[in-house]
Every structure is written in structure tokens, then in C-alpha cells.
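In: sequence first, predicted coordinates after that:
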Amino acid sequence: MIRAYRRDGSAEVIGTEPQTSQFPEDIVWIDLIKPSRDEEQFVESCIGIQLPTPEELKDIEPSSRLYVENEAIYMTASLIYRADSSHPLLTDVAFILYRGRLITIRYAEPKAFALFSANLLRLNGQCDTGAKLLGHLLETVVDRTAEILETVVSRLDSLSITIFVNRKAAKRRPPRFLEDKLLDIASHHQLISKLRDSLVSLSRLVIFLQSQPVVRREEEAAELCIIVARDIQSLGEHTAFVGNNITFMLDASLGLINVEQNAIIKIFSIASVVFLPPTLVASIYGMNFQFMPELGWTIGYPLALVAMLLSAIIPFLFFRWKGWL
């Protein structure tokens with residue numbers, strides 16, 4: 001699908017067979033969403049440059065993601081989408097600046113694009129060039145990243161309270177409670193990792209964009225790039241801090257699991273030690289030798305029971321006195 005935006009913020013969907021072979025002069029943004037090959041060829045014929053293929057968007061080398069060719073500035077960034085689901089993903093989005101227009105190519109729908117296109121009319125014609133529009137779009141992408149990070153931090157705070165603070169409810173926890181929480185921690189770690197990858201790619205893109213003459217000539221676009229670069233840096237630091245907290249929470253949860261397992265093993269160890277002396281007494285007097293003087297005693301059986309009981313109580317009291325229970 002090809003969606004074109006005018007300078008006033010209005011948009012329209014363009015087919016591959018229009019009346020003319022050129023886009024109107026007031027079109028400042030051409031957004032290709034999951035384009036077919038026919039749509040790509042149509043846009044190429046209208047604007048006069050080659051568009052990157054999906055395979056080229058996946059290249060990770062800086063020379064393949066950030067370059068200038070035939071007066072067109074090609075940039076590719078990895079943006080996160082489906083952040084609210086259990087399986088967040090990264091998608092590669094191409095940004096192309098050419099002769100005052102912005103061309104974007106994407107094969108997914110990050111929420112930042114929907115937010116930006118919805119607010120485009122409110123900018124009151126401020127995005128009259130592709131460079132300015134790209135600056136505002138990147139600002140929206142960074143704001144959406146900050147929103148996702150804030151949501152993750154809030155969820156981690158709730159998870160931390162559930163695991164560490166509410167110790168009174170620990171005895172009423174269902175089996176494998178902490179093991180299930182490890183899965184939640186792992187999902188948050190995966191989301192944070194993808195956020196860091198996205199911020200790194202955005203940082204490289206903004207630094208490259210700031211060095212381009214078309215951006216330096218426009219004061220507003222240059223200021224937007226500076227603001228976006230600062231926001232990306234602060235978000236990167238905060239993301240690293242959150243990542244360290246997740247690592248601590250993971251290690252602490254594993255430690256709590258080991259503590260609970262050790263407590264269970266300790267109970268079995270103490271039980272075996274407590275019942276070992278009575279077992280020894282019962283084994284001795286359970287032997288059927290002919291010459292055992294205690295077998296002829298009238299009170300032999302009660303004495304054996306008392307000896308078994310004392311041999312169990314004395315180790316128990318000793319362990320309790322040592323504080324091992």
C-alpha cells in the first residue's frame with residue numbers, strides 16, 4: 001500500500017495506475033506499507049531513484065544501512081513493534097530523503113507511525129520538508145520507545161514486590177511460583193534487549209543524519225536531530241540501568257529458589273537424622289539371637305519404646321539448640 005501525505009497533513013492512498021506518472025508537488029511524505037513489487041516499481045518510476053529491497057534492509061553493515069546515492073540519503077533503522085504482546089519483534093524500516101521528500105518503506109506497522117500520522121494534522125504545516133518531517137517522525141519513535149520503557153519499569157516494580165517484598169505470602173505460594181516468575185523476567189529481558197538494539201540503530205541513524213548538508217541547512221530539522229540524539233542517549237542509559245536491574249532480579253530469584261530447595265533438603269536431612277537412632281534401637285532388638293538378656297525382661301518392650309523415643313527427642317532438641325531448625 002502507498003500512502004501519500006501532503007504538507008498540510010492530509011493523506012491519501014495512491015494506486016499504481018494514477019492519471020499522471022508524477023506525484024503532486026505538495027506531497028512531502030510517501031509511506032510504503034508492505035509494498036508489492038508493482039508498487040515499488042511505480043514509486044521508483046515516479047521519483048526517479050531505486051528503492052531498497054527487503055533483503056537489503058536486513059543488512060547489518062553500516063555501509064549498507066546508511067549511505068548517499070544519486071543525491072538520495074538512504075537510512076535504515078530497526079524499530080520495535082508488538083511491544084505489548086508476549087513476543088516483541090524488531091522490523092527494519094527504510095528512511096529516504098530525496099529532493100525535499102521523505103520516503104519510508106516498512107513491512108510491519110510500528111505504533112509510532114500510527115501515532116505520528118494521526119497527529120500530523122496538528123502540526124499545522126510545520127512539516128513542509130522531508131527533513132523536518134523525518135525529525136518529527138524520529139521524535140515520535142523515541143517517545144514511543146520511552147513509553148514502552150516506562151511500561152516495562154512499572155511491570156518490573158510490581159514483579160519485584162511480588163517476589164521480594166511480600167514475604168508473608170511466601171508460605172502460601174503455589175508450587176513452582178518462582179519458576180513461573182522466571183519466565184516473566186525472561187520476557188522483560190527480551191523486550192529490553194530489543195529496545196537497546198533499536199536505540200543503537202536509531203543513534204547511528206541520527207548521527208549520520210546530522211552530518212548531511214540537507215539537514216544542516218534547515219535550522220528546525222537540525223534542532224530536532226539534536227533533541228532526538230539527546231533523548232536517545234538518555235534512554236540508552238536508562239535502558240542499560242533497567243537491564244542491570246533485570247539481571248539482579250534474575251540472580252536473586254535463582255537464589256531464592258536455591259534457598260527454598262535447600263530448606264526442603266534440610267528438612268529431609270534432619271528427619272533422617274532424627275529417625276536414625278530409633279531405627280538403630282529397633283534394629284538391635286529386632287535381631288532373633290537366642291542369648292539376648294533383654295528378651296526375657298518383663299519390661300523390655302516398654303524400655304525399648306522409651307529408648308527409641310528418647311533417641312529421637314534428644315537429637316531434635318540438640319538441633320534446635322544449635323539453631324539448625
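Out: In hand now; what should we look at?
In: which residue ranges of this structure form helices?
Out: Taking DSSP state H to define them, one finds helices in the chain at 37-47, 54-57, 62-65, 111-119, 130-160, 177-210, 213-216, 219-284, 300-322.
In: rank the ones you listed by pLDDT, which is bottom?
Out: Lowest mean pLDDT of those: helix 62-65, a mean of 72.
In: from Q212, how far off is the spatially most central residue of the chain?
Out: Nearest to the mean C-alpha position of the chain, by C-alpha atoms, centre = their mean, lies L191 at 0.8 Å. Relative to Q212, L191 is positioned 32 Å away (C-beta to C-beta, to the nearest Å). For glycine as for every other residue, the C-beta is placed from the backbone atoms N, C-alpha and C.
In: just the buried residues of stretch 197-214, please?
Out: Neighbour counts over stretch 197-214 (16 or more other C-beta atoms under 10 Å) mark S198, L199, S201, L202, S203, R204, L205, V206, F208, L209, Q212, V214 as buried.
In: nearest residue to V206 in space, please, no chain neighbours.
Out: Leaving aside its sequence neighbours, V206 sits nearest to A229 (C-beta to C-beta, 6 or more residues apart in numbering; 4.8 Å).
In: if we ignore the residues flanking it in sequence, what's nearest the residue nearest to the centre of the chain?
Out: Among residues not flanking L191 along the chain, P88 sits closest, at 5.0 Å (C-beta to C-beta, 6+ apart).
In: wait, doesn't that neighbour sit right on K194?
Out: Yes - P88 is within contact range of K194, at 5.5 Å (criterion: C-beta atoms under 8 Å).
In: shared neighbours of these two, which are they?
Out: Residues within reach of P88 and of K194 at once, by C-beta atoms under 8 Å, 6 or more residues apart in numbering, are I80.
In: if I look at M292, how far off is I284?
Out: From M292 over to I284 the distance is 9 Å, taken as C-beta to C-beta.
In: same question, Y107
Out: Distance from Y107 to I284, by C-beta to C-beta: 80 Å.
In: same check on G48?
Out: 102 Å.
In: and if you look at L276?
Out: Counting by C-beta to C-beta, the gap from L276 to I284 is 13 Å.
In: and what of I226?
Out: I226 is 88 Å from I284, by C-beta to C-beta.
In: and if you look at A118?
Out: Distance from A118 to I284, by C-beta to C-beta: 86 Å.
In: over to L97?
Out: 93 Å.
In: which one's more surrounded, these two?
Out: Ranked by neighbour count (other C-beta atoms under 10 Å), L97 and I284 place L97 first, with 24 against 12.
In: the residue nearest to the centre of the chain and T151 touch, don't they?
Out: No - L191 lies out of contact with T151 (C-beta under 8 Å); the separation is 9.2 Å.
In: intersection of neighbour lists for the two?
Out: A83.
In: quick one, domains of this structure?
Out: The chain is divided into the following domains under automatic domain parsing: 2-260, 265-322.
In: how far off centre is the last one?
Out: Read it as domain 265-322. 58 Å (C-alpha atoms, centre = their mean, to the nearest Å).
In: check the longest one too.
Out: Here the centre of mass of C-alpha atoms in domain 2-260, compared against the chain's by C-alpha atoms, centre = their mean, lies 14 Å away.
In: so what's the backbone phi/psi at the residue nearest to L191?
Out: phi -70, psi 150 (degrees, to the nearest 10).
In: check contacts around it.
Out: P88 neighbours (C-beta under 8 Å, 6+ apart): I80, Y81, R82, Q190, L191, K194.
In: now the residues you listed in CSV, with distance to S311?
Out: Shown next, in CSV, are the contacts of P88 (distance: C-beta to C-beta, whole Å):
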residue, distance to S311
I80, 65
Y81, 68
R82, 64
Q190, 55
L191, 58
K194, 61
